[in-house]
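Chemist: Give me a model of this one.
(2 chains)
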There are 2 protein chains.
Amino acid sequence: MLQHEPTPDDILEAYERIKNQIHRTPLLTSESLNKMFGCELYFKCENFQKVGAFKFRGTSNAVLSLDRSELEKGVITHSSGNHAAALSLAARMKNIPAYIVMPNTAPEIKKRAVAGYGAKITFSEPTVKSREEAAQKIVAETGATFIHPYDNYSIIAGQATCAKEIFEEVSDLDYLISPVGGAGLVSGTCLSAYHFSNHTKVIGAEPKGADDAFRSLRDKTIYPSINPKTICDGLLTQLCDKTHLILTRYLHEIITVDDEVTINAMKIIWERMKIIVEPSSAITLGVVMNNPDKFRNKKIGLILSGGNVDLDKLPWIK
Amino acid sequence: MLQHEPTPDDILEAYERIKNQIHRTPLLTSESLNKMFGCELYFKCENFQKVGAFKFRGTSNAVLSLDRSELEKGVITHSSGNHAAALSLAARMKNIPAYIVMPNTAPEIKKRAVAGYGAKITFSEPTVKSREEAAQKIVAETGATFIHPYDNYSIIAGQATCAKEIFEEVSDLDYLISPVGGAGLVSGTCLSAYHFSNHTKVIGAEPKGADDAFRSLRDKTIYPSINPKTICDGLLTQLCDKTHLILTRYLHEIITVDDEVTINAMKIIWERMKIIVEPSSAITLGVVMNNPDKFRNKKIGLILSGGNVDLDKLPWIK
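Modeler: Okay, here's the model as predicted:
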């Protein structure tokens, strides 16, 4: 597992390691959206990635970075979302055990998804204390390696391969917009932009109702994410030391977006591009919609981070 | 305008004519769907075509086949759906007038879409008589060329380019499944399969509640489509002489599908593939779901004909 901020070589090595098991996702354009917003938009479709989210890049790199004795003991994480599914699949593809600690309150659909990838699920109470105790107990019993969703440089190097692919296709973006949660994706994006582009500025897109990263960078501290209120269920987590430092060094700025704008952006993407993205992805277009002057006539990449949506509950249907 | 059943050369010429203004749509695969249904599926994504449907292929070919004096007078059709939008866009790209007769009962969203492409809309009563009279009046006044949505060999040759693209990528499909409405798309598909594949059998997918084509082929006549009851709003029309004859000659069979299965297929495509398709497209997967033995271990192409869905009213949300 990587112990330092990923270098260009670390990112390139991560890409070589994972490229045969990830999808190289398409970079889509839409004439009608370009016309609508007066700029040139490039959508990186990680909603088409395996497990429906960019997370599979990071977990693939983490699992494939383990040595033989680590592999035998398997991997563990606590999560109920895309990270758990992504780690489970990466473990199954390497034929090693994955232990997932999930709150017993997690939606049935997420339990089934993770179980479907063959992971061993342990249910905890829905508190940080309970899930951490459950995870520690499993680590003690099995020796499995704990894989944090973003507080892990191998994960960050894996997520960086997404922007690397973008720059291979379009090298002269003015801006590249990535969602900000715990900031594994946007940290990797910043590193790839710094190392592999000429002058592309990375912007983080964060929900107004969960703007801990915005405040954390402004005040040079790490605020916890307390009672975040947003429809962007992938962006509820807070920064860690690693991501805080990378964003402080390399991120151009964070722009916050109201959920109302994000929902509108999501519906526009569904209607015009005929692709399914989750709110945590659509927020990147929300940044553009909120700042037409800033982005007019610019070349802008947007990372559509995932497409896992409960199709029975769409935010624009009351 | 073509006056005979399209030959291989007619289809190739149509493709040359339109290829720079249509999208070459992707042929997608999904490991999880292949596993789920025990066969190899290739999805031709005409939902990503301009105006969100295959219709733009046919209308592009029709408009670009007009001579100079015809072009000057413009084109006309009566339709409230994808054909109207597709004809309007093809006309606008050639900078000629498009006259669209729409029932005054058409949904606001469809009126806006067609108006957005710059067409001149005339509203009629929602009866065949009223719309045909309105169209004839405009033809008499303007000399515009009437472009029927499928009773037109240039349209059929344009739709045939879709399967042509499929065979360029996968030449050894066992089956190619296309939705059946008025049968412009499936007729073109049959012709391309006959001329450009070795042995691919074309299957038409038709809603059980609108099975006039199934009965028409069985009984060697053309039944009108009377009170069709189906969620597949693109498949309500009936065969014409041209399409009836082509299907009689070249179609392997028609398989009918209950709306319940189609809705299920649609949701599976949205969930697993993260793309938006309309019911009239998803019915092709419904054919596979209903006949697992027939399709097991086969290589099957499915034409996802369009992605124009009212996102405020999804069929699985009551």
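
Chemist: Output the set of residues of the stretch 201-318 of chain A in proximity to chain B.
Modeler: A:267, A:270-271, A:274-277, A:307, A:311-312, A:314, A:316-317 (Cβ under 8 Å from any Cβ of the partner chain). From N, CA and C alone the C-beta is placed, and that goes for glycine too.

Chemist: ditto for the stretch 1-150 of chain A
Modeler: Counting by Cβ under 8 Å from any Cβ, the residues of the stretch 1-150 of chain A that sit close to chain B are A:P26, A:N47, A:F48, A:G52.

Chemist: returning to what we had before: which of the residues of the stretch 201-318 of chain A next to chain B tops the neighbour count?
Modeler: A:V277 (28 neighbours; other Cβ atoms under 10 Å in any protein chain shown).

Chemist: That one: which element?
Modeler: Following DSSP states H and E, there is no helix or strand that holds A:V277.

Chemist: Show me where the stretch 51-200 of chain A has its helices.
Modeler: Applying DSSP state H, counting those that start in this stretch to the stretch 51-200 of chain A gives helices spanning A:55-64, A:68-73, A:82-93, A:108-116, A:128-142, A:153-169, A:184-196.

Chemist: now, of these, which is deepest in the fold?
Modeler: Of all the helices of the stretch 51-200 of chain A, helix A:55-64 has the most neighbours on average by mean count of other Cβ atoms under 10 Å in any protein chain shown, namely a mean of 30.

Chemist: From the contact counts, what lies against it?
Modeler: When contacts are defined as 3 or more Cβ pairs under 8 Å, 6 or more residues apart in numbering or on different chains; DSSP states H and E, helix A:55-64 sits against helix A:8-18, helix A:82-93, helix A:153-169.

Chemist: Between these, which one is closest to B:D211.
Modeler: helix A:82-93 (40.6 Å; Cβ to Cβ).

Chemist: other SSEs contacting that closest one?
Modeler: Using 3+ Cβ pairs under 8 Å, 6+ apart: helix A:82-93 touches helix A:55-64, strand A:75-78, strand A:98-103, helix A:108-116.

Chemist: Just checking: what are the partner strands of the second one?
Modeler: Meaning strand A:75-78. Using DSSP bridges, the strands paired with strand A:75-78 are strand A:98-103 (parallel), strand A:145-146 (parallel).

Chemist: What's the PyMOL syntax to select whichever of the residues of the stretch 1-150 of chain A next to chain B are buried?
Modeler: Selection of buried members from the residues of the stretch 1-150 of chain A next to chain B for PyMOL, criterion 16 or more other Cβ atoms under 10 Å in any protein chain shown:
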select buried, chain A and resi 47+48+52
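
Chemist: Would you mind checking which of the residues of the stretch 1-150 of chain A next to chain B is nearest to A:G286?
Modeler: Lowest distance from A:G286 to the residues of the stretch 1-150 of chain A next to chain B (Cβ to Cβ) belongs to A:N47, with 16.0 Å.

Chemist: Can you check the pLDDT for the nearest residue to that closest one once chain neighbours are set aside?
Modeler: Leaving aside its sequence neighbours, A:N47 sits nearest to A:G307 (Cβ to Cβ, 6 or more residues apart in numbering or on different chains; 2.9 Å). pLDDT for A:G307: 96.
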